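S.K.: everything below, folded, please.
(2 chains)
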Amino acid sequence: MATLTLLRQAAVEQEQWVTETEFTRFWSLVQLAPGINLLALTTLIGRKVSGAKGVFLALLGLLLPSVGITVLLTAAYTHIQHAPIVQHILSGIIPAIVGVGLVTAWQIARPPLEQSRRLGRSSFLLSLVLIGGSIFAARLGHLPVVVILGGAGGGYALWSLWKHRRAQAAQ
Amino acid sequence: MSLLLYFWLFLKASLFSTSGMGNLPSLHADLPARHWATERQFGEALTIGSISPGPTGLWVISLGYLTGGLRGSLLALLAVLLPPLLILGIERLYRRVQNHPAVEGFVHGLGLAVVGIFLVALFGILASAGINTRSVVILLAAIGLAATKRVPVLGIIGLAGIVGVAWRG
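M.R.: Got it, this is the predicted structure:
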């Protein structure tokens, strides 16, 4: 989150590479792009500033320090990981990371859940079933993740199409 | 360990994720099953990833290093770097199809399934640290602090580390 805030300040407010509206449009668009949103956002801003060269330089600038530090920290960790104190620290941190992850999961789940609740009880119910079903499929069914994602996406796509058709027919 | 398969598993995880930790479920389903990573290493990589600056999604670089050394981290970097470049094509395509109900529906369903698989992965990582009074108290406290949105993740991690040393289960 901090990186996004800093990036926005630099790109919109200080350097004025993109307008406020453009930045918001880019940000909602990259939610749909595969992978790390910040990398896709950086790609779009880089292209806007100076084409392929801009994309390359922007990504290099974003990744060089953060990847470098991640690798150095991990390398340092592998040297001290067997010290008892490190194990105590880590056994405290891991449940906390899971807690932070659960809050993230809730933040990811809330917009689609609220949207489907506005669409009616059956859409909301289907959304809950898709979450529950994917938990079940991943935990007990051991289905490949791609199959679960594709199935849930395809299932809801069919449901939206059907609702859309019905709404059109009713008009 | 086949390097090509290793790279593909990281690439696939990145291709089917749409946010920072979104690549966790896929990797968590693939790597431990092949004994290429342990639950523990996932916890470690996520911890290092949240301490490091930059996008949260870069935690996989740490996972790459822990499971495949410097070569592993380079492959992981390449795997997270390539999929976001697809945005250049997606931007054009999306302008044409964004209001189609099937497209909206697919994105909606995808987001929900990611949450479900994500929860399963988190449970596995928690179980690796042991489920006891201590870990449950830390978990609940972290949820409470993170939900306020006022405490930075780094602060929560720092506190949890101190609790880990002070309260030895």
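S.K.: name the helix or strand of chain B that has the lowest mean pLDDT.
M.R.: Lowest by mean pLDDT, DSSP states H and E among the helices and strands of chain B is helix B:87-97, with a mean of 81.
S.K.: which other helices and strands does the helix or strand just after it contact?
M.R.: With elements assigned by DSSP states H and E, the helix or strand that comes after helix B:87-97 is helix B:101-128. On a contact count with 3 or more Cβ pairs under 8 Å, 6 or more residues apart in numbering or on different chains; DSSP states H and E, helix B:101-128 meets helix A:84-119, helix A:121-136, helix A:145-170, helix B:24-30, helix B:39-51. All C-beta atoms are positioned from the backbone trio N, CA, C, and that covers glycine.
S.K.: need the contact partners of the fourth one.
M.R.: This means helix B:24-30. With Cβ atoms under 8 Å, 6 or more residues apart in numbering or on different chains as the test, helix B:24-30 has contacts from A:101, A:138, A:144-146, B:9-10, B:12-13, B:16-17, B:37, B:42, B:46, B:60, B:63, B:114, B:117-118, B:120-121, B:124-125.
S.K.: for residue 122, report the pLDDT, please.
M.R.: Since no chain was named, I'll use chain A. On the pLDDT scale, residue A:122 is placed at 93.
S.K.: was after chain B, sorry
M.R.: Reported pLDDT for residue B:122: 90.
S.K.: which residues does it contact?
M.R.: Here residue B:122 is in contact with A:98, A:101-102, A:105 (criterion: Cβ under 8 Å, 6+ apart).
S.K.: could I get the residues you listed as a markdown table with distance to chain B?
M.R.: A markdown table is the format used below for these (distance: Cβ to the nearest Cβ, whole Å):
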| residue | distance to chain B |
| --- | --- |
| A:98 | 4 |
| A:101 | 5 |
| A:102 | 6 |
| A:105 | 5 |
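S.K.: ok, and the closest non-adjacent residue to the closest residue to chain A within chain B?
M.R.: Nearest to chain A, among the residues of chain B, is residue B:164, at 2.0 Å (Cβ to the nearest Cβ). Nearest residue to residue B:164, sequence neighbours excluded (Cβ to Cβ, 6 or more residues apart in numbering or on different chains): residue A:92, at 2.0 Å.
S.K.: repeat for residue A:146
M.R.: In space, and not counting its chain neighbours, residue A:146 is closest to residue B:16: 6.1 Å by Cβ to Cβ, 6+ apart.
S.K.: that neighbour - how many residues pack around it?
M.R.: 23 (other Cβ atoms under 10 Å in any protein chain shown).
S.K.: what values do phi and psi take at it?
M.R.: phi -100, psi 20 (degrees, to the nearest 10).
S.K.: pLDDT value on it, please?
M.R.: 79.
S.K.: who's in contact with it?
M.R.: A:34, A:145-146, A:149, B:22-23, B:26.
S.K.: which one of those residues is nearest to residue A:55?
M.R.: Nearest to residue A:55 among these: residue A:34, at 16.3 Å, using Cβ to Cβ.
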